[in-house]
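In: Sharing a sequence plus its predicted fold:
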Amino acid sequence: MPAPEPGGEPWSTTVRRGPDGALAVAGLDVRDIARQHGTPAYVVDEADLRGRARAFAEAFAAAFAPEAGMAGADVYYAGKAFLSVAVARWVHEEGLRVDTATGGELAVAIRAGVPGAAIGLHGNNKSDAEITAALEHGVGRIVVDSLPEIDQVAAVAARLGVVAPVMVRVTTGVHAGGHEFIATAHEDQKFGLSLTSGAAAKAVETILARPELDLIGLHSHIGSQILDLAGFEVAARAVLGLRADVAARSGHLMPEVDLGGGYGISYTGHDGVPPTPEQIATTLAGAVRRACTDLGTDVPRISVEPGRSIVGPSALTLYTVGTVKDVALDDGGRRTYVSVDGGMSDNIRPALYQAEYTAALASRASDAEAVTARVVGKHCESGDIVVHGVALPADVRAGDLLAVPATGAYGRSMASNYNMVPRPPVLAVRDGQARVLVRRETVEDLLALDEG
Ligand SMILES: *Cc1c(COP(=O)(O)O)cnc(C)c1O
């Protein structure tokens, strides 16, 4: 199938095809972007990204307002999807907080001027240095992921003379991805503390006995690229149940519950309808309200952690076409292999998760008939695929620009230097102007690490 025309998903909101058929982002022709900054390049549509962040902030503020019988909500942007100083600043300006999972991500949020109280720290194997940096900066929460981490955080807090606000990451047995969820996922994975085995309750009890720790809540993250919200409702009920149990046993009713992130987006325009922030917020608010009524507890303040649904649809990757090769298939058909100047080093998701993307000829219009194309990279690996199958004009040729939409999440953040390929820049476009958020790496940058 061809990529849908710009003006809807999976393109960011300001992408348009101009009079001569070339794409423009926020009024800037992609040929100008390529001339000024080279390819490959990640091109972020700033207004689109800010709009998605604002939509989440507003939808959660409305659905969880005290007037709606709720206790408020905070939206944390999951920085691992893509974090730079400018992006952290933008999402914070639009009303979001920032979730970090390493000292590096924490450093970016701090550099962006995000106040400590608006930063969270995750991670299943935090170092003392990371915990120290987080507490010195006064982060709003550390999400504890294991029993040994409780002593570790308490020791750092004692050394610094502070009380550390912590949450416990609970695995509820709900796991989701795409359209499906399963309510009793096996717990043979590295994250969190199991609800059913009692490990989560044990963690809660241990934390309550530590004066260096303030147990502010429970946390649940059930998966990624989730289109069906039912799994979140089941997980919310499970976590709220544990919260009520703890209150009954210890008298401590935790003030907060985090329901994680993972809301799905459209990558190809043919892959299902993603939930809107309003649908997510109202569905979660309803589930929380019902569960707390049944449990006889006050509602907690809720937080969520969207990553890809904020930054994913906001960026496209611009590539230049090189070699084009026609290959005969066993079934008698043909496939056109279109090689571009990047690949698995700038987008590992097709190789890692069989993720589907689409692509469109971006630098011109074409009346040529469509061929079935596979867009591939320049790496020494046959799995180096950017788009498995997409209809492209048969006259696609060297020098053309291709645009792959919805690459804002887990593209640059998972990029590598495989084959000693320097990583592409991240450009922000707004009102017809591009600016560099993260500059292009050079071979000199790579050689600078090589001690010879
Ligand atoms: C990855 C992750 C997220 C964000 O997931 P998205 O699919 O990008 O929304 C949120 N919370 C936690 C704990 C995560 O690990």
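Out: Perfect, I can see it now. Residues are numbered from 1 along each chain as shown.

In: In terms of pLDDT, where does Gly272 sit?
Out: Looking at Gly272, its pLDDT stands at 86.

In: ugh, wrong one, I meant Tyr357
Out: 98.

In: List the residues that contact the nearest residue to Leu83 once chain neighbours are set aside.
Out: Nearest in space to Leu83, with sequence neighbours left out and distances taken as CB to CB, 6 or more residues apart in numbering, is Val108 at 4.9 Å. C-beta coordinates here come from the backbone N, C-alpha and C atoms, glycine included. Contact analysis of Val108 by CB atoms under 8 Å, 6 or more residues apart in numbering lists Gly79, Leu83, Ser84, Val85, Ala88, Thr100.

In: tell me which parts of the stretch 101-250 of the chain are close to the ligand?
Out: Residues of the stretch 101-250 of the chain lying close to the ligand (CB under 6 Å from any ligand atom) are His122, His221, Ser224.

In: so which of the contacts of Val108 comes closest to the ligand?
Out: Proximity of those to the ligand was ranked by CB to the nearest ligand atom; the top entry is Gly79 with 9.1 Å.

In: List the single closest residue to the closest one in space, sequence neighbours excluded.
Out: Computed as CB to CB, 6+ apart, the closest residue to Gly79 that is not its neighbour in sequence is Glu105, at 4.8 Å.

In: Using the three-state scheme, assign that neighbour.
Out: helix (DSSP: H, G, I helix; E, B strand; the rest coil).

In: and it, how many neighbours?
Out: Neighbourhood size, Glu105 [other CB atoms under 10 Å]: 23.

In: Look up how far the ligand lies from it.
Out: Distance of Glu105 to the ligand, given as CB to the nearest ligand atom, to the nearest Å: 12 Å.

In: and what of Val114?
Out: Distance of Val114 to the ligand, computed by CB to the nearest ligand atom: 17 Å.

In: Let me see the ranges of the helices in the stretch 51-200 of the chain.
Out: Assigned by DSSP state H, counting those that start in this stretch, the stretch 51-200 of the chain shows helices spanning 85-93, 103-111, 128-136, 147-160, 199-208.

In: Got the domain ranges for the chain?
Out: Using automatic domain parsing, the domain ranges for the chain come out as 16-45+313-448, 47-312.

In: a markdown table please, covering the helices of the stretch 51-200 of the chain and showing mean pLDDT.
Out: Formatted as a markdown table, the helices of the stretch 51-200 of the chain follow (pLDDT from 0 to 100):
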| stretch | mean pLDDT |
| --- | --- |
| helix 85-93 | 98 |
| helix 103-111 | 98 |
| helix 128-136 | 98 |
| helix 147-160 | 98 |
| helix 199-208 | 98 |
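
In: among those helices, which is the most enclosed?
Out: Highest mean neighbour count of the helices of the stretch 51-200 of the chain: helix 85-93, a mean of 21 (counted as mean count of other CB atoms under 10 Å).

In: Closest residue of this structure to the ligand?
Out: Gly307 (2.6 Å).

In: Help me confirm that that residue comes into contact with Tyr76.
Out: No: counting by CB atoms under 8 Å, Tyr76 is not a contact partner of Gly307; they are 9.2 Å apart.

In: what sits in contact with each of those two?
Out: With CB under 8 Å, 6+ apart, Gly307 and Tyr76 have common neighbours Asp99.

In: shouldn't Val43 be in contact with Leu427?
Out: Yes: contact criterion CB under 8 Å: Val43 and Leu427 qualify, at 5.2 Å.
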